[in-house]
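Q: Fold the stuff below for me.
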Amino acid sequence: MGTKVNRKVLKTLAYAATGALGLGAYTYYKSQNSVLQAAPKPANWLTELPSREAQVESLSTTPEFDILIIGGGATGAGCAVDAASRGLKTALVEKYDFSSGTSSRSTKLIHGGVRYLQKAIMQFDIEQYRMVKEALTERANLINIAPHLSYPFPIMLPVYKLWQIPYFWVGIKAYDVVAGRQLLKPSYFISKNTALELFPMLKKESLVGAIVYYDGQHNDARMNISLAMTAARLGANVANHVAVTELVHEEDEKGQKKVIGAKCIDKYTGKEFSVKAKAIINATGPYTDTIRKMDNEKIPNICQPSSGVHIVLPDYYSPQNMGLLDPSTSDGRVIFFLPWQKHTMAGTTDTPCALTDYPTPAEDDVNFIINEIKNYLNNDVQVRRGDILSAWSGIRPLVSDPNKADTQSLARNHIVHVSDSKLITIAGGKWTTYRHMAEETIDAAIEACGLKPKNECITKGLFLEGGHNWTPTSYIRLAQDFGIETEVAIHLSNTYGDQADKVAELSSLTGKRWPVVGVRLHQEFPYIDAEVKYAVKEYARSAVDVIARRTRMSFLNVLAADEALPKIVEIMASELKWSKQKQQEELEHAKEFLKREMGLNLKYQMKTTVPINFSKEEISTYIKRFRSLDKSNKGYITHKDLRAFFKKYKDEEGFFGFRKASSRESQEEIPEDELHLLITEVDTNKNGLIELDEFLQLMSALKTGAIGQSRFSKASSIKNKINTTRSGGGV
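A: Reported below is the predicted structural model:
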């Protein structure tokens with residue numbers, strides 16, 4: 001025991017000495033690193049976005065591009081911005097939507113990597129140090145060029161042992177020092193009482209204090225779309241839902257095979273065409289090896305996919321402006337617990353997985369995150385499985401470096417590789433460093449393929465779409481000029497930046513005194529109808545594009561996204577002239593996405609696998625409650641039974657808070673879509689009826705916390721009130 005204590009003391013003293021040296025060098029870093037300044041809007045910036053149809057037409061008819069980029073995630077879109085801003089004729093294709101893969105499923109942090117710096121110090125690893133230094137520089141740049149989408153964000157590191165205070169403090173201060181002039185805000189130590197004031201949900205037992213440091217936070221999918229739209233503004237031809245089916249090669253004068261283009265298919269229209277380019281860039285993340293094998297099917301794989309799962313909880317699980325870092329989970333991983341978009345997000349895991357187009361959050365990973373959260377929250381906060389509003393998995397592409405002799409070990413940073421046929425592959429890395437990765441990739445393409453750019457890289461400080469004229473108070477003018485409610489105005493301003501007025505102009509009248517315009521897609525969220533119309537202008541072509549990336553509804557509350565789908569499909573159908581059949585296909589596809597990729601299936605699984613374990617009195621009570629709805633003793637409940645029940649027990653507000661019928665419907669009835677939602681919530685076997693066993697299963701799931709509070713349970717208990725202390729409507 002004494003040896004362990006002595007080692008801890010020695011380690012603490014060593015870190016204190018390191019910290020003193022680091023702080024002494026702080027002034028040097030301050031003087032050596034200049035603060036980044038934003039560049040003005042380039043002269044070739046397009047005032048109007050070309051339509052998607054025009055983009056695809058140009059892709060299919062242009063004789064030759066300088067660069068064709070395959071992949072529309074953060075890295076691919078970043079490459080398009082870099083190439084177009086250098087004056088290169090640029091094309092980009094993405095087989096699904098911009099940010100449809102890993103780039104929309106991150107932890108939403110713009111960070112240097114505290115844990116990587118710890119490893120760099122402990123292992124005297126200069127490569128890890130450089131990686132952190134690079135990321136911290138890029139962190140400052142990204143917050144600077146997209147101020148409407150990103151911001152400095154405080155994260156608390158709770159300390160439960162006295163000896164850990166200097167240990168963690170020195171490590172975090174070293175993080176500040178490495179940032180130099182790009183430091184967002186300095187870290188600081190706080191007492192136990194202050195920590196509990198800032199994060200009241202924190203476990204107070206044994207807490208001795210906390211350290212608060214700053215990283216960045218952003219809306220990752222919107223940032224990715226902003227990159228793609230910036231590239232389009234700079235003259236790049238970018239198109240989503242265009243898949244590469246084959247790479248095209250030819251032999252040069254020396255008989256060497258060289259990649260010169262790609263065969264593509266527009267998955268939205270079915271149109272097939274070829275794109276020719278002097279340089280082809282593979283920026284496909286987890287699909288890196290798929291494209292590499294189109295170039296040479298004999299090469300070994302370099303990508304090892306790893307699943308990172310996140311869950312979303314209601315906002316009351318965390319304060320609005322403070323995150324939490326668990327630096328050492330039960331299996332040695334790091335868990336972040338962060339407020340985001342007025343909800344609470346927790347993650348991530350790191351589990352090897354197979355490559356798939358449809359990553360699914362695993363039950364084991366979800367349970368792991370829940371159990372880790374419990375360790376840091378006080379006993380007043382009962383972490384319930386049913387409080388989970390959404391869950392998703394992102395596939396992180398861990399890669400080995402084919403440029404090195406040892407191709408088995410994974411690269412800690414990104415790699416840029418040029419094949420014998422001149423296919424340029426960029427892989428690995430992370431969101432924060434996308435710009436630097438893109439710069440290196442375009443540099444490699446210029447050198448390998450003899451391209452002639454008009455200028456050097458100018459993306460450091462180059463504002464992204466929406467950032468040029470945005471200010472933190474821009475939302476006030478939106479509210480004043482358009483008559484939009486404040487919450488919606490703030491959301492539009494912080495999502496679209498200086499383009500928010502163009503979204504507001506598409507808003508429908510509400511028919512109310514206030515707000516004047518801005519019909520919400522769902523009452524729980526500030527997303528409005530105009531955003532769907534604007535999404536179509538930004539190349540959205542599926543309902544999933546809207547619920548997952550143009551809005552973040554599916555990531556925040558999968559049930560709310562499911563409820564908003566009909567309205568979203570209706571608006572898109574009007575904009576894109578969809579047939580009834582196409583509308584139905586979109587609804588079915590989106591619902592499958594929510595079930596498989598956003599955690600909706602977890603809701604059904606939890607509800608149906610919870611054992612029914614009631615006392616005789618409880619069974620009797622619930623059967624009476626069921627029969628109060630099933631008046632004719634059929635053994636099941638229908639739409640007609642529910643309608644009769646609500647009509648009889650209508651409350652003074654109408655129908656227990658449910659939406660009242662429109663003027664076209666009977667004012668004495670609940671609208672049909674509301675009744676459908678109520679039955680769907682309970683109808684696990686999908687026969688359109690609520691049977692007794694399904695009803696009892698729901699009550700059992702509510703009792704155990706396997707699901708959150710049920711609207712059906714609330715409505716059906718009006719006559720016979722039964723206390724249910726669950727929350728949130730989770731999955």
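Q: Just confirm residue 595 is within a helix.
A: Yes - under DSSP: H, G, I helix; E, B strand; the rest coil, residue 595 sits within a helix.
Q: wait, isn't it in contact with residue 601?
A: Yes - with contact defined as CB atoms under 8 Å, residue 595 counts as touching residue 601 (4.5 Å). Backbone N, C-alpha and C define where each C-beta goes, glycine included.
Q: Any regions of the stretch 601-731 of the chain where pLDDT drops low?
A: Residues of the stretch 601-731 of the chain that meet the criterion pLDDT under 70 lie in 603-611, 646-678, 681, 683-687, 701-731.
Q: do that again at 50, thanks
A: 651-668, 719-728 (pLDDT under 50).
Q: Contact partners for residue 192?
A: By CB atoms under 8 Å, 6 or more residues apart in numbering, the residues touching residue 192 are 204, 207, 208, 209, 210.
Q: Relative to residue 369, how far out is the residue of the chain most remote from its centre?
A: Residue farthest from the centre of the chain, counting by CA atoms, centre = their mean, is residue 632 at 48.2 Å. Residue 632 is 46 Å from residue 369, where distance means CB to CB, to the nearest Å.
Q: follow-up on the earlier one: out of the contacts of residue 192, flag the one nearest to residue 137.
A: Nearest to residue 137 out of those is residue 210 (CB to CB; 27.2 Å).
Q: In this model residue 190 seems to touch that closest one, though I could be wrong.
A: Yes - using CB under 8 Å, residue 210 is in contact with residue 190, at 5.3 Å.
Q: Comparing the two, which residue is more hemmed in?
A: Counted by other CB atoms under 10 Å, residue 210 and residue 190 do not tie: residue 210 has more neighbours, with 26 against 17.
Q: in what helix or strand does the more buried one lie?
A: In the assignment (DSSP states H and E), residue 210 maps to strand 209-218.
Q: How about residue 513?
A: Here residue 513 is assigned to no helix or strand, by DSSP H and E.
Q: And for residue 244?
A: Counting by DSSP H and E, residue 244 is found in strand 242-251.
Q: And residue 680, by the same measure?
A: helix 672-682.
Q: and the very next helix or strand once past that helix, what does it pack onto?
A: Where DSSP H and E defines the elements, the next helix or strand beyond helix 672-682 is strand 690-691. With contacts defined as 3 or more CB pairs under 8 Å, 6 or more residues apart in numbering; DSSP states H and E, strand 690-691 has these neighbours: strand 636-637.
Q: Residues touching the strand it packs on, excluding its own?
A: By CB under 8 Å, 6+ apart, strand 636-637 touches 626, 629, 630, 679, 689, 690, 691, 692, 695.
Q: same question, stretch 225-237
A: With CB under 8 Å, 6+ apart, stretch 225-237 has contacts from 42, 44-46, 49-50, 55, 58-59, 62, 65, 72, 74, 77-78, 80-81, 83-85, 89-92, 98-99, 146, 149, 238, 240, 434, 462, 464-467, 538-539, 549-550.
Q: Out of the residues you listed, which sit inside helices?
A: Among these, DSSP state H puts 55, 58, 59, 74, 77, 78, 80, 81, 83, 84, 85, 434 in helices.
Q: who are the neighbours in contact with the fifth one?
A: Applying CB under 8 Å, 6+ apart, we find residue 77 in contact with 92, 98, 99, 224, 227, 228, 231, 238, 434.
Q: run the last query once more with 7 Å
A: 98, 224, 227, 228, 231 (CB atoms under 7 Å, 6 or more residues apart in numbering).
Q: Leaving out sequence neighbours, find the closest residue to the third one.
A: Spatial nearest neighbour of residue 227, excluding adjacent residues (CB to CB, 6 or more residues apart in numbering): residue 77 at 3.7 Å.
Q: Of the contacts of residue 77, just the buried ones, ChimeraX syntax please.
A: Selection of buried members from the contacts of residue 77 for ChimeraX, criterion 16 or more other CB atoms under 10 Å:
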select :98,224,227,228,231
